[in-house]
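Asker: turn this into a model:
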Amino acid sequence: MQNESRAAGPRPERGGEKIADWAGGRLGCRSPAKTMMRRVFPDHWSFMLGEICLYSLLVLIVTGVYLTFYFHPSSEQVQYHGSYVPLQGQTVSEAFNSTMHISFDVRGGLLVRQAHHWAALIFVGAMLAHMMRVFFTGAFRKPRELNWVFGFLLLVLGMFAGLTGYDLPDDLLSGTGLAVVNGTILSVPIVGTYLSMFLFGGEFPGHDLVARFNAIHVLLIPAAMVALTAIHLVLIRRQRHTQYPGPGRTNENVVGLPFRVHAVKSAGYFFLVAGTIFFLAAIAQINPVWKYGPYRADQVSAGSQPDWYMGIADGLLRVMPGWEISAWGHTLALDNLVPLLAGVGFFLALGAYPFVESWVTGDDRDQHVLDRPRNRPVRTGLGAAWLSVYFVALLGAANDVIATQLHVSVNAVTWAVRIGLVTVPVVVYSVVKRVALGLQRRDREEVLHGRETGVIKRLPHGEFVEVHAPLSPQRLHTLTAHEQYAPLTAAPGDGAEDTPAWAQRLRVRLSRGLYGERSQIPKPTEREYKEITGRR
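Answerer: Have a look, this model is predicted:
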């Protein structure tokens, strides 16, 4: 009877539930919180890439706030009297002086400063890896086109945040990089000189450089990144998570972990990411400004290298011939302008690809199940070729270091990079596409003939064959659940009335390139499967 009375009475609320009910009733967040508790999150390691981005951004914000208390963004000249003896008595800027003070005189300052730098590198790296995962699996398809744009903008903003923060210490290495940036800006026709004067507060290097870069690095870019991240997370919540193909996974459901389990794993993953960043900061030295010394316009640091994410820009600049065009008293510096345009076009191609594919396919359905990269050979090849350009340009940014370490001519390295920028992407695209098609053929054979068992059997007429076993339903579903688009065959003029004929022709050609006979292997039909396997 005692147990029955307890069951019939109201269930006593715990302390956490009381607090949640109290806050929900006064803040109006009770329903969203309950909705979130009912959400399911796919459990796949590749989704952790996005969480690395978020957690490294949190570390960046926390460490950045700490550094702001001690950093003085000023170009005013002072004498250094800090703990680093080799530089004592030298004239330095207040920005460099405060950076030295953080590194040697503030308790834990060097650890936090290096953690901030390592977190920036990891953030941009995780953003690039996350975007490549989204690209190769087709997670950018409807309704996630805007999320792709926001992620693309976060990647670009992260690169510029790193560039502006890299230049704040006002050391010789950052000053060398700023001189390159200034030369690139000046190469922009008509408005280049005005942009340079506005950015640097006068003729380079100017007197307001550090203050303006500090405002951009501390206020403008972080505010934009936080806003984009918030919108990105809100859209994810409203659009549901994508999931990899598998039994029981459709566009109508989500298979994965409940929110509570996911939250516990995410919390542990946050501490793992933060711990890794601070571990690197503790054992791996990065950006030792005391070795470079303060910036002087008449000096250039030998063997200077930018952070890896700016390597493509520096690499394109280094391998571009020194071409110039002079006409009507004006000079067009192609040696800076062409790499600038090439770099901008390189990233815009990545940002615009989802819209091009959506226009070619004309598929207006919501897509929540991801593609296997092998089932989209052209897209996979294009993504691999894009990465190969990045890698070759990064080698170009280190042409002087490669030449000195390998004892070869720097001109030979430069020419190798020039040739590689043209040939390597073509080779990589062809190889990756053929590999994807080969994997499709293997999947087709596996579906029709079963999996290999390693058991050899001799037939009555003497032939030896390997015994194949039928696939499990789960494996069969994974290999056949994807949808294959048929290439467009409409003749010019057969498109929509408001579509120009040239646009329709272009769409047909792109469709044949993406989904034509040489771009995908037809998956087995149900009839073929029944005829070969004898199943009904």
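
Asker: residues making contact with stretch 362-380?
Answerer: Where contact means CB atoms under 8 Å, 6 or more residues apart in numbering, the residues beyond stretch 362-380 that reach it are 135-139, 141-143, 240-245, 249-251, 254, 357, 432-433, 436-437, 439-440, 443, 481-482, 484-485, 513-515, 519-520. In this view, the C-beta of every residue, glycine as well, is placed from N, C-alpha and C.

Asker: again, only using 7 Å
Answerer: By CB atoms under 7 Å, 6 or more residues apart in numbering, the residues outside stretch 362-380 that reach it are 136-139, 141-143, 240, 242-245, 249-251, 432-433, 436-437, 439-440, 482, 513-514, 519-520.

Asker: with stretch 184-192 instead?
Answerer: Around stretch 184-192, the neighbours that count as contacts under CB under 7 Å, 6+ apart are 193, 195, 196, 199, 332, 333, 336, 337, 340.

Asker: who's the fifth one bridged to?
Answerer: The reference is to residue 332. residue 325 (DSSP bridges).

Asker: does anything pack onto the host helix or strand of residue 263? Which helices or strands?
Answerer: Residue 263 belongs to helix 259-283 when elements are defined using DSSP states H and E. When contacts are defined as 3 or more CB pairs under 7 Å, 6 or more residues apart in numbering; DSSP states H and E, helix 259-283 sits against helix 48-68, helix 109-137.

Asker: which parts of the stretch 401-536 of the chain are strands?
Answerer: Taking DSSP state E, counting those that start in this stretch as the criterion, the stretch 401-536 of the chain carries its strands at 451-458, 464-469.

Asker: can I get those in TSV including mean pLDDT?
Answerer: Converted to TSV, the strands of the stretch 401-536 of the chain look like this (pLDDT from 0 to 100):
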stretch	mean pLDDT
strand 451-458	83
strand 464-469	81
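
Asker: end-to-end on stretch 456-473?
Answerer: One end of stretch 456-473 sits 24 Å from the other (CA to CA, to the nearest Å).

Asker: hang on, the earlier thing: any of the contacts of stretch 362-380 buried? List them.
Answerer: 136-139, 141, 240, 242-245, 249, 432-433, 436-437, 439-440, 482, 514, 519-520 (16 or more other CB atoms under 10 Å).

Asker: wasn't residue 166 part of a helix?
Answerer: Yes - under DSSP: H, G, I helix; E, B strand; the rest coil, residue 166 sits within a helix.

Asker: what's the separation between it and residue 155?
Answerer: 17 Å (CB to CB, to the nearest Å).

Asker: repeat that for residue 441.
Answerer: Between residue 441 and residue 155 the distance is 35 Å, computed by CB to CB.

Asker: between those two, tell me which one has more neighbours.
Answerer: A count of neighbours by other CB atoms under 10 Å puts residue 155 above the other of residue 441 and residue 155, at 21 against 11.

Asker: quick one: contacts of whichever helix or strand that one is part of?
Answerer: Element membership of residue 155 [criterion: DSSP H and E] is helix 145-167. Contacts of helix 145-167 with the rest of the structure, by CB under 7 Å, 6+ apart, involve 120, 123-124, 127-128, 131, 134, 140, 174, 177-178, 213, 216-217, 221, 224-225, 228-229, 231-232, 235-236, 307, 309-310, 347, 350-351, 354-355.

Asker: got a list of what residue 79 touches?
Answerer: With contacts defined as CB under 7 Å, 6+ apart, residue 79 is in contact with 89, 91.

Asker: what's opposite it in the beta bridge?
Answerer: residue 91.

Asker: report pLDDT for it.
Answerer: The score at residue 79 is 94. That number is its pLDDT.

Asker: separation between it and residue 427?
Answerer: In terms of CB to CB, residue 79 sits 56 Å off from residue 427.

Asker: same question for residue 161.
Answerer: From residue 161 over to residue 427 the distance is 34 Å, taken as CB to CB.

Asker: between those two, point out the one with more neighbours.
Answerer: When neighbours are counted by other CB under 10 Å, residue 161 and residue 427 differ, and residue 161 comes out ahead with 25 against 12.

Asker: excluding covalently adjacent residues, which one is nearest to residue 449?
Answerer: Excluding its sequence neighbours, the residue lying closest to residue 449 (CB to CB, 6 or more residues apart in numbering) is residue 468, at 5.1 Å.

Asker: cool, residue 382 as well?
Answerer: Ranked by CB to CB, 6+ apart and with sequence neighbours excluded, the top spatial neighbour of residue 382 is residue 429, at 6.6 Å.

Asker: and if you look at residue 225?
Answerer: Across the structure, with CB to CB, 6+ apart as the measure, the residue nearest residue 225 apart from its sequence neighbours is residue 157 (5.2 Å).

Asker: burial measure for the one you found, as a count.
Answerer: Here the count is done by other CB under 10 Å, and residue 157 has 18 residues near it.
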